[in-house]
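K.L.:
model the structure of this input:
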Amino acid sequence: MVATGSLSSKNPASTPERPDRGGHPGSLLSDFDYWDYVVPEPNLNEVIFEETTCQNLVKMLENCLSKSKQTKLGCSKVLVPDKLTRRIAQDVLRLSSTEPCGLRGCVMHVNLEIENVCKKLDRIVCDSSVVPTFELTLVFKQENCSWTSFRDFLFSRGRFSSGLRRTLILSSGFRLVKKKLYSLIGTTVIEEC
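P.N.:
Predicted structure coming up:
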């Protein structure tokens, strides 16, 4: 079925059946095309703003991993699965959409889980001029790959034993924990992806 938004030729024989909206023949709904009412136009400014915000959040996460690789992780490379940071950024935007200040009220704690131990990487404040209304704890997970561990063991025994030779491979899974700071109950939402 193809829905069009034309307002021409409004004869009863060519108009699709409309669900009963409780209106009368002279009501406001009968003056509009049903499909125009049901399927609103997307607000392009909102879509562009959200896409820009998502891209900025992706860059923040990638910068966090880049800064942490030598200082806190002791490795030369961090391999990130395709679109992982984008998925995380979209989830962060979704979780912040119900907050009073949106993403501006977010403080994000970024961690990495290696062999069931969480290592703190960074703390990202989305807007320092706004009092935080919620905290997100993001936990990246290391890929469980026996070849990587074996390779690192071999290189650590040879002449390439520099501590920065290791390559860290992140899993496509992550954990995102939301804690509301303004709630008396302190609502916590945990999402495993």
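K.L.:
from now on I want contacts and neighbour counts done on CA atoms only, so please keep to that.
P.N.:
Will do.
K.L.:
hmm, who's touching the strand or helix carrying residue 87?
P.N.:
Secondary-structure element containing residue 87, defined by DSSP states H and E: helix 84-96. Residues outside helix 84-96 that contact it (CA atoms under 8 Å, 6 or more residues apart in numbering) are 54, 55, 57, 58, 61, 62, 102, 103, 106, 172, 178.
K.L.:
swap the cut-off to 6 Å and go again
P.N.:
Outside helix 84-96, the residues that touch it by CA atoms under 6 Å, 6 or more residues apart in numbering are 54, 57, 58, 102, 103.
K.L.:
average pLDDT across it?
P.N.:
For helix 84-96, the mean pLDDT works out to 93.
K.L.:
dump that helix to CSV, restricted to CA.
P.N.:
Below are the C-alpha coordinates for helix 84-96, written out as CSV (Å, rounded to 0.1, in the frame of the first residue of the first chain):
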residue,chain,number,x,y,z
LEU,A,84,31.4,0.0,18.6
THR,A,85,31.9,3.6,19.6
ARG,A,86,29.0,4.7,17.4
ARG,A,87,26.6,2.1,19.1
ILE,A,88,27.8,3.3,22.5
ALA,A,89,27.2,7.0,21.6
GLN,A,90,23.7,6.2,20.3
ASP,A,91,22.9,4.4,23.6
VAL,A,92,24.3,7.3,25.6
LEU,A,93,22.1,9.7,23.7
ARG,A,94,19.0,7.5,24.1
LEU,A,95,19.7,7.2,27.9
SER,A,96,20.2,10.9,28.2
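K.L.:
for residue 122, give the beta-bridge partners.
P.N.:
When assigned by DSSP bridges, residue 122 has beta-bridge partners residue 110.
K.L.:
what angle separates the helix or strand harbouring residue 136 from helix 84-96?
P.N.:
Element membership of residue 136 [criterion: DSSP H and E] is strand 134-142. For strand 134-142 against helix 84-96, the angle by axes from the mean of the first three to the mean of the last three CA atoms, to 10 degrees is 160 degrees.
K.L.:
start the count at 44, not 1, going forward
P.N.:
Shifting the count to begin at 44 puts that one at strand 177-185.
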